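K.L.:
Fold the following.
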Amino acid sequence: MVTIQTGRFGEIEVSAEALLTFPSGLVGFPAVQKFVVLDVAEDCQYQWFQAINEPDLAFVIIDVHLLDQQFQADISDEGMAELEITSSDPVLILAVVTIPAREPERATANLRAPLVVNLRTRKGKQLILHESIPLRFPLMRKEEPAQPATVMENEPASV
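P.N.:
Numbering: from 1, shown residues only. Below is the predicted model:
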């Protein structure tokens with residue numbers, strides 16, 4: 001077990017196997033490379049993406065496949081090599097959620113810059129996908145017919 005200090009949850013213990021490494025960091029946080037995913041509640045679709053060495057750095061995240069079951073991120077050969085992804089590896093794709101203060105009904109998910117994690121190696125990378133993919137995908141829609149969240153392009157993601 002590893003003990004970490006968090007700004008939201010105080011001191012917590014997590015399994016060393018739960019730690020994720022993002023060798024390139026995240027957009028805007030290149031030096032922050034160690035994270036853990038924390039469950040909000042057993043029946044909740046949202047989770048926290050908590051930095052290990054930065055107690056106040058945590059993001060709300062959601063599995064992109066809960067928003068769009070057909071979502072695919074074309075990962076470049078360089079990105080595949082960096083994450084050591086093989087054809088049999090389980091890969092998790094997460095979106096960072098933005099919840100405006102006092103307006104939770106306007107929450108959005110960033111599908112254009114997903115967090116991709118190779119669950120075998122516990123390595124991850126934030127991709128920057130084609131601009132046709134939504135930067136602010138609304139999580140709550142008002143009586144609109146369900147539509148796919150993405151338009152697939154045949155361009156690999158930036159790494």
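
K.L.:
Buried ones in the helix or strand harbouring Val97, by neighbour count?
P.N.:
According to DSSP states H and E, Val97 maps onto strand 91-98. Residues Leu92, Ile93, Leu94, Ala95, Val96, Val97 are the ones in strand 91-98 that count as buried (16 or more other C-beta atoms under 10 Å). C-betas here are computed from N, CA, C, even on glycine.

K.L.:
Next: stretch 4-16.
P.N.:
Buried-residue list, stretch 4-16, by 16+ other C-beta under 10 Å: Ile4, Thr6, Val14.

K.L.:
List the ones among these that fall in strands.
P.N.:
Counted as lying in strands by DSSP state E, out of these, are Ile4, Thr6, Val14.

K.L.:
OK, contacts around the last one?
P.N.:
If I follow you right, that is Val14. Going by C-beta atoms under 8 Å, 6 or more residues apart in numbering, Val14 touches Met1, Val2, Ile4, Val36, Leu38.

K.L.:
Quick check: the fourth one touching Gln50?
P.N.:
Yes - here Val36 reaches Gln50: they are 5.3 Å apart, a contact under C-beta atoms under 8 Å.

K.L.:
And these two? Which one has more around it.
P.N.:
Gln50 (24 against 21; other C-beta atoms under 10 Å).

K.L.:
For the more buried one, list the residues it contacts.
P.N.:
So Gln50 contacts Ile4, Thr6, Arg8, Phe9, Phe35, Val36, Val37, Leu38, Leu57, Ala58 (C-beta under 8 Å, 6+ apart).

K.L.:
Just name the closest of these to Glu82, please.
P.N.:
Among those, Phe35 lies closest to Glu82 (C-beta to C-beta), at 16.2 Å.

K.L.:
Make sure that closest one is indeed in a helix.
P.N.:
No - applying DSSP: H, G, I helix; E, B strand; the rest coil, one finds Phe35 to be strand, outside a helix.

K.L.:
worst-scoring helix or strand of the chain, pLDDT-wise?
P.N.:
Within the chain, no helix or strand scores below helix 77-83, which has a mean of 89 by mean pLDDT, DSSP states H and E.

K.L.:
so what secondary structure elements neighbour it?
P.N.:
strand 108-118, strand 123-126 (3 or more C-beta pairs under 8 Å, 6 or more residues apart in numbering; DSSP states H and E).
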